[in-house]
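> Sequence and predicted structure below; questions after.
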Amino acid sequence: MTTHAGAWSASGSLNQRHHKLALNLFMFVVLAHWAEHIVQAVQVFLLEWPRPQAGGVLGLWIPWLVTSEWMHYGYAIIMLVGFFALARGFTGRSKKWWKIALWIQFWHHIEHFLLLLQALTGRNLLGYPQPMSILQLVLPRVELHLFYNLIVFVPMMVAVYFHMRPSREDRAEMRCTCATGAA
């Protein structure tokens, strides 16, 4: 019982006095991930590198890592955990937008789980030579991940904006110090 109470206490602390720090750390991870995808897009679309060689910054140093479905699934899980862990700190309008981003990320996680299962079993969707996600059937992987990152990032940023600049009603419900002008 104490462990359960301790977990609730940690979650409460995370979404109260430590929410601003945790949110900033989460956003750092998100922006670093975005940077990787932007570098990859520059490599593909501006530098015209072959797609297998365009692995972002990490792909230049650790090429096997960026082709690992474990790494991609791991990041999808980290994002999902971050969304769930920080959700209780959001109120009002920001909570609505945070939940939208969370549910889109949940679907993105499902897609990565499907890719991981194919990589582990060697049985690819519809007999394709490489693991395929559902939306990858209509959109190439580089473009698809830019799209996924965008449709998760936009509502997340709207949520953060409303969280940092809450309405009077939302500010009254807040238990953290994230709002502009908050101590």
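Sure thing, it's come through. As the structure is a computational prediction, the values presented were derived from the model and not from experiment.

> ok, then the element right after the one helix or strand in the chain whose mean pLDDT sits lowest?
Lowest on mean pLDDT, DSSP states H and E among the helices and strands of the chain sits helix 2-14, with a mean of 54. On the C-terminal side of helix 2-14, the closest following helix or strand by DSSP states H and E is helix 19-41.

> what sits against the residue most central in space within the chain?
Ranked by distance to the mean C-alpha position of the chain (C-alpha atoms, centre = their mean), the top residue is Met79 at 3.8 Å. Met79 makes contacts with Val30, Gln105, His108, His109, Val152, as judged by C-beta atoms under 8 Å, 6 or more residues apart in numbering. Every C-beta, even on glycine, is put in place using the N, C-alpha and C of the backbone.

> where exactly do the helices run in this protein?
2-14, 19-41, 56-61, 63-66, 69-87, 92-121, 141-164, 168-173 (DSSP state H).

> I'd like these written out as CSV, with distance to Tyr128 added.
CSV is the format used below for the helices of the chain (distance: least, C-beta to C-beta, whole Å):
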stretch, distance to Tyr128
helix 2-14, 41
helix 19-41, 21
helix 56-61, 22
helix 63-66, 20
helix 69-87, 14
helix 92-121, 9
helix 141-164, 12
helix 168-173, 46
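
> closest to Thr180 out of these?
helix 141-164 (5.4 Å; C-beta to C-beta).

> Now that closest one - C-alpha only, PDB.
Extracted C-alpha coordinates of helix 141-164, given in PDB (Å, rounded to 0.1, in the frame of the first residue of the first chain):
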ATOM      1  CA  ARG A 141       8.600   6.300 -44.200                       C
ATOM      2  CA  VAL A 142      10.600   9.600 -44.100                       C
ATOM      3  CA  GLU A 143       7.500  11.700 -45.100                       C
ATOM      4  CA  LEU A 144       5.300   9.600 -42.800                       C
ATOM      5  CA  HIS A 145       7.500  10.300 -39.700                       C
ATOM      6  CA  LEU A 146       7.700  14.000 -40.500                       C
ATOM      7  CA  PHE A 147       3.900  13.900 -40.800                       C
ATOM      8  CA  TYR A 148       3.500  12.000 -37.500                       C
ATOM      9  CA  ASN A 149       5.900  14.300 -35.700                       C
ATOM     10  CA  LEU A 150       4.000  17.300 -37.000                       C
ATOM     11  CA  ILE A 151       0.500  16.100 -36.000                       C
ATOM     12  CA  VAL A 152       1.700  15.200 -32.500                       C
ATOM     13  CA  PHE A 153       3.800  18.400 -32.100                       C
ATOM     14  CA  VAL A 154       1.200  21.000 -33.200                       C
ATOM     15  CA  PRO A 155      -1.500  20.100 -30.500                       C
ATOM     16  CA  MET A 156       1.300  19.500 -28.000                       C
ATOM     17  CA  MET A 157       2.600  23.100 -28.600                       C
ATOM     18  CA  VAL A 158      -1.000  24.500 -28.500                       C
ATOM     19  CA  ALA A 159      -1.400  22.700 -25.100                       C
ATOM     20  CA  VAL A 160       1.900  24.100 -23.800                       C
ATOM     21  CA  TYR A 161       1.000  27.600 -25.000                       C
ATOM     22  CA  PHE A 162      -2.400  27.500 -23.200                       C
ATOM     23  CA  HIS A 163      -0.700  25.900 -20.200                       C
ATOM     24  CA  MET A 164       1.900  28.700 -19.900                       C
END
